[in-house]
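Asks: model this:
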Amino acid sequence: MDATRTPSPIAAERQRRKGQLAATVRILARRGLDEGAGGHVTARDPEHPDRFWINAFGQPFSSVRVRDLLLVDHDGNVVEGNGRVNPAGYAIHSQIHAARPDVVSAVHTHSTYGRAWAAVGRGLDPITQDACAFFEDHAVHEEFPGVVLDRAEGKRIAGTLADGKAVILQNHGLLTVGRSVGEAAWWFVLMDKCCQIQLLAEAAGGARPVSLESARGVAELMGTPAMGRFNFRPMYAEIVAAAPDLLA
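Replies: Next up, the predicted model:
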């Protein structure tokens with residue numbers, strides 16, 4: 001094969017998604033949003049929609065590179081790459097990707113503030129401009145059967161997510177999705193920060209939500225896929241400059 005040959009559009013898109021996926025995993029590590037072996041980020045393959053790329057189970061988030069990613073089919077088989085798939089990651093993400101053809105990427109880790117707010121068991125209130133990005137666009141999955149290891153529970157989570165951008169998993173944490181990897185990554189980073197702010201506000205005696213009209217207006221501006229992609233760009237540029245090896 002001629003090394004100078006221009007990659008096909010599909011190959012270029014695949015490489016772009018994988019680069020953003022590896023960058024997202026590094027960003028999560030850099031921001032302290034990972035913990036141990038828990039957590040997973042996926043990106044749907046542009047050529048095979050029933051397959052997705054995922055970070056390998058047990059690999060530190062801070063060391064993930066493009067070459068380390070695994071391609072998994074709908075049955076959980078690794079069809080490209082070396083490593084194990086997180087069983088919970090497969091159970092959850094396979095069902096979300098199956099239920100939502102529009103979703104390119106899904107992000108879930110056991111972040112501190114996300115878990116704390118998930119233990120409260122409520123949705124986020126529109127108490128800040130940023131929180132309005134999730135207004136009427138996220139849900140709470142109230143069941144907690146334990147570690148998600150079967151596709152039936154993953155399917156139930158996908159049902160709770162419905163057509164939203166995020167779901168709060170009761171006593172578990174946060175999960176966000178997007179039509180691009182960058183969008184899903186930004187929603188996760190932002191949502192965890194919104195959980196922190198709401199926890200602080202409630203500890204201080206409570207918060208005053210904005211009006212429903214204002215919340216909807218801000219959501220129409222701040223909660224769009226384009227805004228998610230735009231906010232991901234500086235995070236991506238920063239992590240690639242700090243760790244260019246992630247694209248290898």
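Asks: can you list the weak-confidence ranges in the chain?
Replies: Low-confidence segments of the chain (pLDDT under 70): 1-4.
Asks: geometric centre of it: which residue is closest?
Replies: For the chain, residue 107 is the residue whose C-alpha lies nearest the centre (CA atoms, centre = their mean; 1.8 Å).
Asks: which residues in the protein form strands?
Replies: 40-44, 52-54, 70-72, 78-80, 105-109, 138-141, 166-169, 173-178 (DSSP state E).
Asks: turn those strands into TSV, including distance to residue 243.
Replies: In short, each C-beta sits where N, CA and C put it, glycine included. Output for the strands of the chain, formatted as TSV (distance: least, CB to CB, whole Å):
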stretch	distance to residue 243
strand 40-44	16
strand 52-54	19
strand 70-72	20
strand 78-80	23
strand 105-109	18
strand 138-141	30
strand 166-169	27
strand 173-178	22
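Asks: number of residues surrounding residue 164?
Replies: 15 (other CB atoms under 10 Å).
Asks: could you pull up the residues touching it?
Replies: Residues near residue 164 by CB atoms under 8 Å, 6 or more residues apart in numbering: 137, 138, 139.
Asks: once you drop chain neighbours, what's closest to residue 131?
Replies: residue 194 (4.6 Å; CB to CB, 6 or more residues apart in numbering).
Asks: also residue 172?
Replies: According to CB to CB, 6+ apart, the nearest residue to residue 172 is residue 118 (5.6 Å).
Asks: these two touch, right, that neighbour and residue 175?
Replies: No. Counting by CB atoms under 8 Å, residue 118 does not reach residue 175; the two are 10.0 Å apart.
Asks: and the two? Which one has more around it.
Replies: residue 175 (30 against 24).
Asks: ok, that one to residue 217 distance?
Replies: Using CB to CB, to the nearest Å, one gets 26 Å for the distance from residue 175 to residue 217.
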